[in-house]
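Engineer: Sequence below, structure please.
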Amino acid sequence: MSQHHGNHHLRSEAKRRIAARMKFSPDQPDTAEGVAESLPECADEALTSSFSDAVISSAPGIFFVVNQQSRLVRWNAGLSNLTELSDDELREAVLGSLVLEDSRAPIADKFAVAFATGSAQGTLCFKSKSKPAAECVFSASRFQLAGDFYVASFCLDATESMQLESALTREKNISDTIIESASGAFFMIDQKTNLVRWNHYLRMETGLSDEQLLGRSIVSLIYEPDQALAAAKFMAAFAGGFAHMEVRLQTPDRGIRYSLKTARRFMVDGVPYLAGFCIDVTDRKTIQDALGKEKAFSDALIESVPGAFYVVDMECNYYRWNNFLKRMTGLSDGELLQRPSLLSIEEADRPMAAVMMKDAFETGYAQADLSLATVDGGVRLYSMTARRFQVADETYLVGVGIDNTEWLAKMQELEHVAWTDPLTRVVNRGHFLELASLEFARSRRYGNPLTVWVVDIDHFKKVNDTYGHQAGDLVLQSMVSISRQALRDWDILGRIGGEEFAVLLPETEATQGLLVAERLRQAVATSRMPLEKLKAIQLTVSIGIATLCDSDADFNALFHRADTALYEAKRTGRDKVCLAEPLPSTAEAAACGGVIEARVPVEQDE
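Structural biologist: All right, here's what the predicted structure looks like:
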C-alpha cells in the first residue's frame, strides 16, 4: 500500500472516530469531515484523535462545544452528570435551555462575545432535574472547522467556593459593622505593633489616611511621654493575652486627649495579633479631676469645722465624718463606715438623739444637747445639729457637734457666781427668790407643805460699829456655819441683805418648822462667834416663820407674812421665833394680829 493510500486510510479512520467519539448530531455530517481535515497530517492521526478524546474526557469539570446557533455539538460526561440529561436529550438541547432562566440572556451575550472576539469568560448556573442549581465559572474559546465557527468551553462547578466566598463576605460585613459601630477607635496590630486593621474612629482620632495608617506602629500614635508605658502594655498583652492602659494621645484638632485602651491576643494561622478598642475618657478624666478638687475643697471645709462633723443615711448610719469625730470616738474609717451613729451617744441620751434625728428627717432641721462617749471612757456634752439634704433619690442628715463641756462648766461657774453671795457662799436674794418661786409652784401643784423663815441677827449694827466691818463679816460667816448644821441638805439658805437671811424648808409643816427654828435660835444664843485676835462675842437672832396656806397667791405673799412675823419678833423683844399663822386652838392669835410667839421646848445637848 502506498504512503498516500495509507494516510488516506488513517484520515478516514479519524473521521470515523471523531464522528463516533464527539457525538455529532446527525444533521451535521460535515463536522467530522471538518475536524478530520484540521488534524495534523501524520501517520498517527488516529492516535491524535484518541488523545484529544482522552483529554476532553479527563478534563476537570464540564466541557462542551456549541455552534453559532448555540446547539451542543460536543460534551463530556461532566455535563451529562450535572444536568442529569442523556446524550439524546443533550443532542436536542441548546445552551440556553440548560441554564436558569435569569441567566440565559447574560450567557447568550457572553458566547456572542466569544464568537465575535475569540474568547469570553464568566459564570453560569446549570439546571438539574433533581439537584440544586450549580453555579459554574467558565472560559470559552472560538475555533474554526471546515469554514464554520464553534466555541469550546470548560466549566468548573464553583457553587461551594462561591458559598464560602459569600460566607466570607457576610462575616467580613458583620465584623466591619461591629468595628465601625464601636463607640471608639478599633485597632488590630501584629507583633511589631504595626497596624493591620482599624476603623474610621482611629482615622478621625489621628487625622491620618488609610495609606498612612497601614503598617504604622500604634505606639507612634501615642503621646511621647506615654509611649514606653504603651509599648510595655502591648508586650504584656502578647505574653499574657490581655492588657489595658490609660494613655494620652496628641490629636490634630483637639489637643491632648486621654484614651482608655484594651488589647486582647488572638491567633490567625498560628500567628498572634492584638485587637482592641480605644475609649476617649477625657471628659471623664476632667470630671474626675474636678471631683477631686471639689472633694479636697469639701474635705478642707469639713476639717475646718470646730467640732465633730457627720453625715448619716436614713438608717442613721455614718456616711461621712471628719478627723475630729475619729479622734473623739477612737474609731478608724473602716469602723465608722455604716456604724450606727447612736452608738456614739451616751446610752442615757440615745432616745433624745433618736428623736432629734427623726425630727430632722421630718421637718428638715433639729438640734439637741447630747452627751457623747469619748475614746478614754469619758463623757462630753455636745450641742448637736442635724439638717436634712437630698442627693438624687437618697436622703441624708448633715450635722455638727460642738463640745460645750468647758463652756457649760464656765457658765455654771458664772451662774454660781451670779447666784451666790460672795461673802457667805450661800445663794443671794435674787436666786433665793427664783428657787423659792419654783418650789412654791411645785408645792401648790402636788399639795405639799412649805415653810419659810426670815432670820435677822439682833443688834448687828453694834458689831460693825464696835469691832469694824471685818468683824461683822466673820459674824455673818459664823451665822451661816451654825445655820447649815441645823438645816437639812435640801433646805435652801439665802442671804437676803445685810444681816438678814431666809430659809426655805420644802415639805415641812409649821410644827416641824417651828421646832427647827427654835433649835437654830438656841444654837446661836449659846455660841460664841470668833473675831480677830482670839476675841469672840455672843449674839442672838430673831426668826419670823410662815407656812403655805390657801390665801397665799404667790411666794411673795408667803414671804411677806414671814417677814411680818420677823418684825413682830423684833418688836416684842428679839431673840425669839414668831409664827405668822394662827394656831387653831390658840386664842392669842387674834390678839397679836395673826402672829404668835412660839417657844418650843428643845432638848439640850449634854
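Engineer: Neighbouring strands of whichever strand or helix holds residue 318 in the sheet, and parallel or not?
Structural biologist: Here residue 318 is covered by strand 318-321, with elements defined by DSSP states H and E. In the sheet, strand 318-321 lines up against strand 308-312 (antiparallel) (DSSP bridges).
Engineer: Can you show me the CA trace of the partner strand as PDB?
Structural biologist: C-alpha atoms of strand 308-312 as PDB (Å, rounded to 0.1, in the frame of the first residue of the first chain):
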ATOM      1  CA  ALA A 308     -17.500  66.900 115.100                       C
ATOM      2  CA  PHE A 309     -18.800  66.800 111.600                       C
ATOM      3  CA  TYR A 310     -21.000  63.900 110.400                       C
ATOM      4  CA  VAL A 311     -23.300  62.800 107.600                       C
ATOM      5  CA  VAL A 312     -25.800  59.900 108.300                       C
END
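Engineer: what sits up against that strand?
Structural biologist: Outside strand 308-312, the residues within contact range by CB atoms under 8 Å, 6 or more residues apart in numbering are 302, 318-322, 324-325, 328, 341, 357, 372, 382, 396-401, 403. For glycine as for every other residue, the C-beta is placed from the backbone atoms N, C-alpha and C.
Engineer: Residue 472: neighbour count?
Structural biologist: 22 (other CB atoms under 10 Å).
Engineer: same question, residue 310
Structural biologist: 23.
Engineer: Kindly state the pLDDT recorded for the nearest residue to it once chain neighbours are set aside?
Structural biologist: Distances taken as CB to CB, 6 or more residues apart in numbering put residue 321 closest to residue 310, at 5.1 Å, once the chain neighbours are dropped. If you check residue 321, the pLDDT there is 91.
Engineer: count of neighbours near residue 321?
Structural biologist: By other CB under 10 Å, the residues close to residue 321 number 23.
Engineer: Would you quantify the distance from the residue nearest to residue 216 when sequence neighbours are not counted to residue 172?
Structural biologist: Excluding its sequence neighbours, the residue lying closest to residue 216 (CB to CB, 6+ apart) is residue 195, at 5.4 Å. The gap separating residue 195 from residue 172 is 18 Å, by CB to CB, to the nearest Å.
Engineer: Pick out whichever of those two has more residues nearby.
Structural biologist: Each of residue 195 and residue 172 has its neighbours counted (other CB under 10 Å); residue 195 has more, 22 against 10.
Engineer: List the contacts of the more buried one.
Structural biologist: Shown in contact with residue 195 (CB under 8 Å, 6+ apart): 187-189, 213-218.
Engineer: ok, the residues you listed vs residue 278, which is closest?
Structural biologist: Distances from residue 278 to the contacts of residue 195, taken as CB to CB, are shortest for residue 187 (7.1 Å).
Engineer: the helices in the stretch 51-200 of the chain, which residues?
Structural biologist: Assigned by DSSP state H, counting those that start in this stretch, the stretch 51-200 of the chain shows helices spanning 77-83, 87-91, 101-117, 159-181, 200-206.
Engineer: Tell me where the stretch 501-606 of the chain has strands.
Structural biologist: 528-530, 536-538, 541-547, 577-579, 596-598 (DSSP state E, counting those that start in this stretch).
Engineer: Tell me the strands beside the second one, with direction?
Structural biologist: This means strand 536-538. Assessed with DSSP bridges, strand 536-538 is paired to strand 528-530 (antiparallel).
Engineer: what's in contact with the partner strand?
Structural biologist: Residues outside strand 528-530 that contact it (CB under 8 Å, 6+ apart): 474-475, 478-479, 536-539.
Engineer: Mind putting these into a markdown table with distance to residue 100 and neighbour count?
Structural biologist: Output for the contacts of strand 528-530, formatted as a markdown table (distance: CB to CB, whole Å; neighbours: other CB atoms under 10 Å):
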| residue | distance to residue 100 | neighbour count |
| --- | --- | --- |
| 474 | 139 | 21 |
| 475 | 140 | 19 |
| 478 | 138 | 20 |
| 479 | 136 | 24 |
| 536 | 146 | 11 |
| 537 | 147 | 17 |
| 538 | 148 | 10 |
| 539 | 144 | 20 |
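Engineer: From the contacts of strand 308-312, which land in strands?
Structural biologist: Among those, DSSP state E puts 318-321, 372, 382, 396-401, 403 in strands.
Engineer: and those as JSON lines, adding distance to residue 56?
Structural biologist: What follows is these, written out as JSON lines (distance: CB to CB, whole Å):
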{"residue": "318", "distance to residue 56": "94"}
{"residue": "319", "distance to residue 56": "91"}
{"residue": "320", "distance to residue 56": "92"}
{"residue": "321", "distance to residue 56": "96"}
{"residue": "372", "distance to residue 56": "108"}
{"residue": "382", "distance to residue 56": "109"}
{"residue": "396", "distance to residue 56": "92"}
{"residue": "397", "distance to residue 56": "97"}
{"residue": "398", "distance to residue 56": "97"}
{"residue": "399", "distance to residue 56": "101"}
{"residue": "400", "distance to residue 56": "104"}
{"residue": "401", "distance to residue 56": "106"}
{"residue": "403", "distance to residue 56": "111"}
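Engineer: Farthest-apart pair in these, please.
Structural biologist: Spanning the widest gap among those are 396 and 403, at 23.2 Å by CB to CB.
Engineer: out of the contacts of residue 195, which are buried?
Structural biologist: Neighbour-count burial (16 or more other CB atoms under 10 Å) applied to the contacts of residue 195 gives 187-189, 213, 216-218.
Engineer: Okay, and which of those residues map to strands?
Structural biologist: 187-189.
Engineer: just the residues you listed now: which is nearest residue 531?
Structural biologist: Nearest to residue 531 among those, counting by CB to CB, is residue 187 at 107.7 Å.
Engineer: any idea how far that closest one is from residue 219?
Structural biologist: Going from residue 187 to residue 219 by CB to CB gives 11 Å.
Engineer: same check, this time on residue 577
Structural biologist: Computed as CB to CB, the residue 577 to residue 219 distance reads 110 Å.
Engineer: Which of those two has more residues huddled nearby?
Structural biologist: Using other CB under 10 Å as the criterion, residue 577 and residue 219 rank with residue 577 on top: 29 against 20.
Engineer: how far away is the more buried one from residue 407?
Structural biologist: Distance of residue 577 to residue 407, computed by CB to CB: 45 Å.
Engineer: Now that residue 245 has come up, it's in contact with residue 261, right?
Structural biologist: Yes - between residue 245 and residue 261 there is a contact at 5.3 Å, judged by CB atoms under 8 Å.
Engineer: Next, show the common contact partners of those two.
Structural biologist: By the contact definition CB under 8 Å, 6+ apart, residue 245 and residue 261 are jointly contacted by 230, 233.
Engineer: Of the two, give the one with the bigger neighbour count.
Structural biologist: Between residue 245 and residue 261, counted using other CB under 10 Å, the more crowded position is residue 261 (23 against 19).
Engineer: looking at this, the more buried one is in a helix?
Structural biologist: No - according to DSSP: H, G, I helix; E, B strand; the rest coil, the state of residue 261 is strand, so it is not within a helix.
Engineer: Spit out the contact partners of it.
Structural biologist: If you count contacts by CB under 8 Å, 6+ apart, then residue 261 has 230, 233, 244-247, 276-279 around it.
Engineer: Give me the residues contacting stretch 265-276.
Structural biologist: With CB under 8 Å, 6+ apart as the contact definition, stretch 265-276 has outside contacts at 186-191, 196, 234, 237-238, 241-242, 261-264.
Engineer: Since that was my last question, I'll sign off now.
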